[in-house]
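Visitor: Pasting a predicted model and its sequence here:
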Amino acid sequence: MRILWKRMLGALLLPGLAQAAPPQRIADAWYAHNATLILLGATDRIVATVDDPKRVPWMFHIKPQLARASFVPTEAMNAEELLRLRADLVFVTRSGHSAPALRAAGLNVVEEGFSTFDGLLDCVTSTAALLEDPKAMARARDYRQAFEAELRDSAAVAHEPPRVLHVQSLRPLKVDGDGTIIDAWIRHAGGMNAAMGVHGNMQTVTIEQVLAWNPSIVIIGARAGDPGQLSHDPLWQRVAAVRDGHVYRNPEGVFPWDRYSPEMLLQLQWARDIVQKGGVDRPAMIERIRSFYRRFYDSALDASDAGRILDGLPPVP
């Protein structure tokens, strides 16, 4: 919370962040953060985004008006283009190093980034404060309450935690280590991150390292490749998770559940069932997805669409 209040105070006091009126023309250079703006009801304010329908098809499926925004093909947004678009608020990644140049051009820039649950909640709350919209603040409070309730209500695991490996890419082979929100939800679900000694997101490893870790559960990112191919690979066949049939494709909706967006709330519920029960109650999870989309994205999904999100599949064209 201390970080959150510093950011909110900065929004009021720093010259580059002061707003004469609520921002109406937003550029967002962080892929995941666009989902936060959608959560807070600010889709119509987005005039430039790094997201596109091929990368995040569900985002544009439930919010087709986002297609009116200018597509920026890189996180390093061009200051001249943003000035032409009259952007009055620009979100960039804290690790992208583009903020100083954009501020030098006179743009109002906010840097985003987090690796913890508290950081996610603070990002939602501080973004709502920057929008200066009572409805956005109410939505942020509602989301925080739901997330914190999920953290409180999760059942503790009595047995030895299973070793869970999260694979971001099969070719090349990349996994997620500690110091990440992926590590946080694995531990929250009752597991232990199998990628011992790996630090950060999307780190390249060898199959020999995976064999040494011998995870009991493997979760494959929705865009990582086909989980089914592992059972036909002679090296992967030696991994306990593959041998025992405990390989799962991670769901993906507006943004990948397993990474840095509001659907982390759904990820907590899904991952807990995977780690503790070896699978999810499909009808119940579909209803959770539909409820989440109604409550937080103002979108009425049918059961078929929710099922495709659960399976990590794109919407039907």
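Guide: On my side now, so go ahead.
Visitor: Residues contacting stretch 249-264, please?
Guide: Contact partners of stretch 249-264, identified using Cβ atoms under 8 Å, 6 or more residues apart in numbering, comprise 31-36, 38-39, 56, 58-59, 62, 114, 117, 120, 124, 143, 147, 166, 181-182, 185, 219-223, 227, 266-267, 270, 289, 292-293, 296-297, 309-312. Bear in mind the C-beta positions are built from the backbone N, C-alpha and C, glycine included.
Visitor: For the stretch 51-200 of the chain, which segments count as helices?
Guide: 57-62, 79-84, 99-104, 117-131, 134-153, 181-188 (DSSP state H, counting those that start in this stretch).
Visitor: So for Val316, which of those helices sits nearest?
Guide: Shortest distance between Val316 and the helices of the stretch 51-200 of the chain, using Cβ to Cβ, is found for helix 57-62: 9.3 Å.
Visitor: Run through the neighbouring helices and strands of that closest one.
Guide: Using 3 or more Cβ pairs under 8 Å, 6 or more residues apart in numbering; DSSP states H and E, the elements in contact with helix 57-62 are helix 33-39.
Visitor: which secondary structure elements does the helix it packs on contact?
Guide: Helix 33-39 packs on strand 26-28, strand 46-49, helix 57-62, helix 117-131, helix 282-297, going by 3+ Cβ pairs under 8 Å, 6+ apart.
Visitor: if you compare those, which one is most tucked away?
Guide: strand 26-28 (a mean of 29; mean count of other Cβ atoms under 10 Å).
Visitor: Can you list the neighbours in contact with that strand?
Guide: 34, 37, 42, 45-51, 72, 77, 82, 85, 87-91.
Visitor: how many neighbours does Tyr31 have?
Guide: Neighbour count of Tyr31, defined by other Cβ atoms under 10 Å: 21.
Visitor: which secondary structure element contains it?
Guide: Tyr31 belongs to no helix or strand when assigned by DSSP states H and E.
Visitor: Can you check the pLDDT for the residue lying closest to Ile309 once chain neighbours are set aside?
Guide: Spatial nearest neighbour of Ile309, chain neighbours left out: Gly253 (4.4 Å); criterion: Cβ to Cβ, 6 or more residues apart in numbering. For Gly253, the pLDDT comes out at 98.
Visitor: Then Gly225?
Guide: 88.
Visitor: Surely it touches Gln168?
Guide: No - the criterion here is Cβ atoms under 8 Å, and Gly225 misses it with Gln168 at 10.1 Å.
Visitor: Looking at those two, which one has more neighbours?
Guide: Gln168 (22 against 16).
Visitor: for the more buried one, what are its contacts?
Guide: Lys174, Val175, Asp176, Asn201, Met202, Gly221, Ala224.
Visitor: Can you pick out the most distant pair from the residues you listed?
Guide: Most distant of those, by Cβ to Cβ, are Asn201 and Ala224, 12.9 Å apart.
Visitor: Same drill for those two, tell me which one is more crowded.
Guide: Ranked by neighbour count (other Cβ under 10 Å), Asn201 and Ala224 place Ala224 first, with 22 against 19.
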